[in-house]
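K.L.:
return atomic coordinates for the entry below.
(one chain, ligands or ions: 1)
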Amino acid sequence: MNVLEVKQLHVWDAHRGNTIVHRSSFQVKEGSCLAIVGESGSGKSVTCRAVMKLNPSSLHQSGEVFFKGESLSSLSEKEMRKKRGRHIGMIVQNGMSAFDPSCVVGVHLHETLAEHFQWSRHERDERLKEAMKRVMLNDPVSVMNKYPHQLSGGMLQRIMIALTLVLEPDLVIADEPTTALDTVSQFEVVEQFRKLREEVGCAILFVSHDLGIVKKLADEVLVMKDGHIVEQGPTSSVFSQPTHDYTNYLVSTRLALSDHFTKIMGRE
Ligand SMILES: Nc1ncnc2c1ncn2[C@@H]1O[C@H](COP(=O)(O)OP(=O)(O)OP(=O)(O)O)[C@@H](O)[C@H]1O
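P.N.:
Sure, this is the predicted structure:
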């Protein structure tokens, strides 16, 4: 079954009149990971935000987005808010932007859980602490009492993953979650994504520049160029026998760049 089905998604800038995403169609199967790759400005983030209905109002969209068979197109903002986080998780590139800088992260985590569940404060606390330990944040109390700026990018990503472990969504949209991290933190965060998939069984839509990471995580890959999907299919076949010139170019240039990462991962 498809957790996410995107049909003929078209996104355009109503102010400038230019099209950003051209009639894209793709699916994410239950429990699987689909990666979107492509050069900067090809429309990867706009596609992810269109799925969540989070693009600014100047960007208009048409086409259909089905989440577990339900059309999201007709849902109100209030109904979408109930889906986001609880049913469709989102992990962004810059952890700092995901948290309120004026309060310690524990406040944000409790507020998010209180929005979706009827749990007592004690129960929320216990679940958060347990999830933090699962992502190797071994002193959860101290972490929850820190402001976002007091934590590293890698720690903020792990906190977002811990929150996702508690929320147990069916789909996680991760837009370049490792791009701002150093190589060691990238390795750790990729491991946490594997854990998330194993433990929660969620599907993942993963945007990354790093084809080494995509090779490790994704079952299927979708290649975007100038707002068009130029190729999609199982990761192994897209990488080993690309059919489009652009994919060929990406694979030959970018996969070599991620050699360092592959060595650190210690396995092919
Ligand atoms: N809010 C917006 N208003 C107008 N144009 C936008 C807006 N957001 C993005 N764009 C344009 O849409 C195009 C696609 O942007 P998008 O951020 O989706 O690219 P991307 O593939 O995610 O790139 P990157 O890898 O650098 O994040 C770009 O030309 C960008 O300038």
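
K.L.:
where does the protein have low pLDDT?
P.N.:
For the chain, the stretches with pLDDT under 70 are 256-268.

K.L.:
could I get the full set of helices for it?
P.N.:
Under the criterion DSSP state H, helices of the chain are mapped to 44-52, 77-83, 95-98, 105-116, 121-134, 140-144, 153-167, 183-200, 211-217, 235-240, 245-257, 259-265.

K.L.:
tilt between the fifth one and helix 153-167?
P.N.:
With axes from the mean of the first three to the mean of the last three C-alpha atoms, to 10 degrees as the basis, helix 121-134 and helix 153-167 are set at 130 degrees to each other.

K.L.:
please renumber the chain so that the first residue is 55 from this point on.
P.N.:
Sure thing, new numbering starts at 55, so read that last one as helix 175-188.

K.L.:
now do helix 175-188: distance to the chain's middle.
P.N.:
In terms of C-alpha atoms, centre = their mean, to the nearest Å, the centre of helix 175-188 is set 22 Å apart from its chain centre.

K.L.:
what helices or strands is it leaning on?
P.N.:
Applying 3 or more C-beta pairs under 8 Å, 6 or more residues apart in numbering; DSSP states H and E, we find helix 175-188 packed against helix 159-170, helix 194-198, helix 207-221. C-beta coordinates here come from the backbone N, C-alpha and C atoms, glycine included.

K.L.:
got the residues of the stretch 55-204 of the chain near the ligand?
P.N.:
Counting by C-beta under 6 Å from any ligand atom, the stretch 55-204 of the chain comes close to the ligand at 67, 74, 92, 94-100, 110, 112-113.

K.L.:
and the helices and strands packed on helix 175-188, which is most packed in?
P.N.:
helix 207-221 (a mean of 23; mean count of other C-beta atoms under 10 Å).

K.L.:
which residues are contacting stretch 221-230?
P.N.:
Applying C-beta atoms under 8 Å, 6 or more residues apart in numbering, the external contacts of stretch 221-230 come out as 57-58, 82, 84, 98-99, 102, 105-106, 121-122, 139-147, 166-167, 170, 218, 247, 250, 254, 256-263.

K.L.:
buried members of those into ChimeraX, please.
P.N.:
Here is the ChimeraX command that picks out the buried ones among these, judged by 16 or more other C-beta atoms under 10 Å:
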select :57,58,82,98,99,102,105,106,121,139,140,141,142,143,144,145,146,147,166,167,170,218,247,250,254,256,257,258,259,260,261,262,263
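
K.L.:
ok, and the closest non-adjacent residue to residue 93?
P.N.:
Distances taken as C-beta to C-beta, 6 or more residues apart in numbering place residue 279 nearest to residue 93, at 6.9 Å, with adjacent residues excluded.

K.L.:
now swap in residue 208 and tell me
P.N.:
Spatial nearest neighbour of residue 208, chain neighbours left out: residue 239 (3.1 Å); criterion: C-beta to C-beta, 6+ apart.
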